[in-house]
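output the structure for:
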Amino acid sequence: MSAGDTQIFMTTAIWIVLGVIAAIILAVIGMYNSLIRLKNRVDEAWSDIDVQLKRRYDLIPNLVETVKGYAAHEKETLEKVTAARTAAMAAQQGGDAAKQAEAENMLSSTLKSIFALSENYPDLKANTNFLELQRELSDTENKIQASRRFYNGNVRDFNTKLQVFPTNLIGAKLGFKAREFFEIAEAKERENVNVKF
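Okay, the predicted model is just below:
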């Protein structure tokens with residue numbers, strides 16, 4: 001091999017090494033940007049849940065006041081709803097998805113007890129203010145469920161991206177962590193409902 005051939009070989013080898021390094025850098029940049037996009041979608045979805053939860057928190061005091069006028073001796077039920085609302089608001093400040101999901105599920109179940117009260121009080125059941133609040137809360141609950149599904153879909157995509165090759169090799173090193181799903185905490189709520197006629 002002549003000196004000229006050695007020089008060409010070395011130059012070619014250097015360009016190949018530089019090309020491989022550039023490809024690796026571009027791949028890492030692409031993975032990082034992809035993870036950032038997915039992380040931002042998860043954060044946006046969480047924000048959608050927060051908006052709907054805030055709406056529910058704002059409606060609950062009005063509902064409790066309306067029920068108080070008709071069911072004054074149902075104080076324990078009303079206190080449970082108020083305590084569950086306070087716990088859910090406190091969990092929202094903590095930023096832990098699992099704790100917030102648990103608190104929100106508890107609030108949802110206590111709200112059901114208020115609506116069950118209306119069956120015992122025909123005047124309450126016919127009250128337009130109560131009916132409007134019940135409709136608003138029902139609409140809000142549906143929006144919360146839709147927001148949860150949207151959030152969980154984005155969490156699934158984000159977590160999948162973190163777990164697949166080659167992103168799984170560098171995702172944690174870049175500071176990305178898997179997110180938790182917003183799930184139903186009580187197994188009882190997952191069971192089929194028995195309907196008897």
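
check which helices and strands the host helix or strand of residue 169 is in contact with.
Assigned by DSSP states H and E, residue 169 falls within helix 167-170. Other helices and strands packing on helix 167-170, by 3 or more Cβ pairs under 8 Å, 6 or more residues apart in numbering; DSSP states H and E, are helix 3-70. Yep, even glycine has a C-beta here, placed from its N, CA and C like the rest.

chain center to the helix it packs on, what's the gap?
16 Å (Cα atoms, centre = their mean, to the nearest Å).

residues touching stretch 56-71, excluding its own?
For stretch 56-71, contacts defined as Cβ atoms under 8 Å, 6 or more residues apart in numbering pick out 74, 77-78, 81-82, 85, 88-89, 107, 111, 114, 117-118, 120-121, 123-124, 127, 129-130, 133-134, 136-137, 140-141, 144.

check the offset of that stretch from the chain's centre.
Worked out by Cα atoms, centre = their mean, stretch 56-71 lies 26 Å from the chain centre.

stretch 143-150 too?
Worked out by Cα atoms, centre = their mean, stretch 143-150 lies 8 Å from the chain centre.

buried ones in that stretch?
Neighbour-count burial for stretch 143-150 flags 143, 144, 147, 148, 150 (criterion: 16 or more other Cβ atoms under 10 Å).

and the angle from whichever strand or helix holds the second one to helix 3-70?
Residue 144 is part of helix 128-163 when elements are defined by DSSP H and E. Going by axes from the mean of the first three to the mean of the last three Cα atoms, to 10 degrees, helix 128-163 is angled at 160 degrees with respect to helix 3-70.
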